[in-house]
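Enquirer: return atomic coordinates for the entry below.
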Amino acid sequence: MRAVWLTEFGGPEVLVPGEAPEPAPGPGHVVVEVAYANITFVETQFRAGLASGPFRGEPPMIPGNGVGGTVVGVGPGVDRGLIGRQVVGSTGGNGGYAERALVDAAGLYDVPDGLGLDAAVALLADGRTATMLVRAARVRPGDRVLIEAAAGGVGTLLIQLVRATGARVIAAAGGSRKVELVRDLGADLVVDYHDPDWTGRLRATVAMVDVVFDGVGGGLGRAAFDLLGPGGRMVSFGLASGEWADIPDEVAQARGVTLVRPRPSPQELRADTVRALAEAAAGRLRPVIGQRFPLKRAADAHAAMQSRATLGKTLLMVQGITTC
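Expert: This next block holds a predicted model:
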């Protein structure tokens, strides 16, 4: 079967198309014929040798964690009735950039009626993350909520979920294309953080904010923290800058700000995933799929994400697709 190999840790060029043996399902696992593979920012860091996260293994290996497609085989002890079902699920950290992948049967999610398989894959990681973040931050009607990296996969979903709570959405994005996207998604106020005085502009409009969803980290995350008023909450979920905001607990306490560090249980994460898929199937949540790359161009997909030039979600197209 066709696959993409991580030949060594390094730049996007270390992702090389090639052949791989067919996966054989063991007890409790299924084989999914992959139509779409999910790409997350942490995967680009793992490829570079900078993070482990949920991933495991050493090169040479097939990377990829989230997949969507059709169940074509089951291992011992698994219901054969799953064969033919359209599902999404996680590989456990590797094997996703391939025509067929092994997935734990207990971690499968049926694709709801009315929801495209591509949208379901786009929601697998980002949908549960955004749903969990809004719950953890206890967003309330009337809150002023600042969302960094608002044009990314998680950020575009946060805009929609926060709006649904009755809170006011303040979206921070970098560059005119991203600013236009988040404005179209319904953000109440949009700032371009390429503007050196973006925090000054925000202060002049809303004075301070109640919640920060920090998807960038670094200096931008620290600047966002300074916008929080007493009783504010900050949740860090990404480090597009390459580092966390690293706010000391004592500094936050002195300001009366809570640094929210969600630790959801597996059961809560599953419930969040199911809810995100159901909301999308009902038309109340829409993942923005900004880029699609064929499997053989996984290196180009990683390069685009790493350059922060992408909008929304980036997917790999696998079955029967050879051009972008």
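
Enquirer: check which helices and strands the helix or strand harbouring V16 sits against.
Expert: Taking DSSP states H and E as the definition, one finds V16 inside strand 15-19. The contact analysis (3 or more C-beta pairs under 8 Å, 6 or more residues apart in numbering; DSSP states H and E) places strand 15-19 against strand 2-6, helix 298-306. C-beta here means a position set from N, CA and C on the backbone, and glycine is covered the same way.

Enquirer: which element follows it toward the C-terminus?
Expert: Moving toward the C-terminus from strand 15-19, the next helix or strand (DSSP H and E) is strand 29-39.

Enquirer: export only the CA atoms of that next one, formatted as PDB.
Expert: Taking only C-alpha atoms (Å, rounded to 0.1, in the frame of the first residue of the first chain), the coordinates of strand 29-39 have been written out as PDB:
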ATOM      1  CA  HIS A  29      -8.400  -3.300  16.500                       C
ATOM      2  CA  VAL A  30      -9.800  -2.600  13.100                       C
ATOM      3  CA  VAL A  31      -8.300  -1.700   9.700                       C
ATOM      4  CA  VAL A  32      -9.600   1.500   8.200                       C
ATOM      5  CA  GLU A  33      -9.300   2.200   4.500                       C
ATOM      6  CA  VAL A  34      -8.300   5.900   4.900                       C
ATOM      7  CA  ALA A  35     -10.000   8.500   2.800                       C
ATOM      8  CA  TYR A  36      -8.700  11.500   4.800                       C
ATOM      9  CA  ALA A  37      -5.900  11.900   7.300                       C
ATOM     10  CA  ASN A  38      -5.800  14.700   9.800                       C
ATOM     11  CA  ILE A  39      -2.700  17.000  10.300                       C
END
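
Enquirer: i'd like the first residue to be 26 from this point on
Expert: New numbering, starting at 26: the last item is strand 54-64.

Enquirer: low-confidence regions, the stretch 76-225 of the chain specifically.
Expert: When residues are selected by pLDDT under 70, those of the stretch 76-225 of the chain lie in 77-81.

Enquirer: please export the C-alpha coordinates of stretch 157-171 as CSV.
Expert: Taking Å, rounded to 0.1, in the frame of the first residue of the first chain, the C-alpha atoms of stretch 157-171 are listed here in CSV:
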residue,chain,number,x,y,z
MET,A,157,-13.4,21.0,25.9
LEU,A,158,-11.8,24.5,26.0
VAL,A,159,-15.1,26.3,26.1
ARG,A,160,-16.3,24.0,28.8
ALA,A,161,-13.1,24.3,30.9
ALA,A,162,-13.1,28.1,30.7
ARG,A,163,-16.7,28.4,31.8
VAL,A,164,-17.6,30.9,29.1
ARG,A,165,-20.7,32.8,30.1
PRO,A,166,-23.1,35.1,28.2
GLY,A,167,-21.6,38.6,28.0
ASP,A,168,-18.0,37.5,28.5
ARG,A,169,-15.4,39.2,26.3
VAL,A,170,-13.5,36.3,24.9
LEU,A,171,-10.2,36.8,23.1
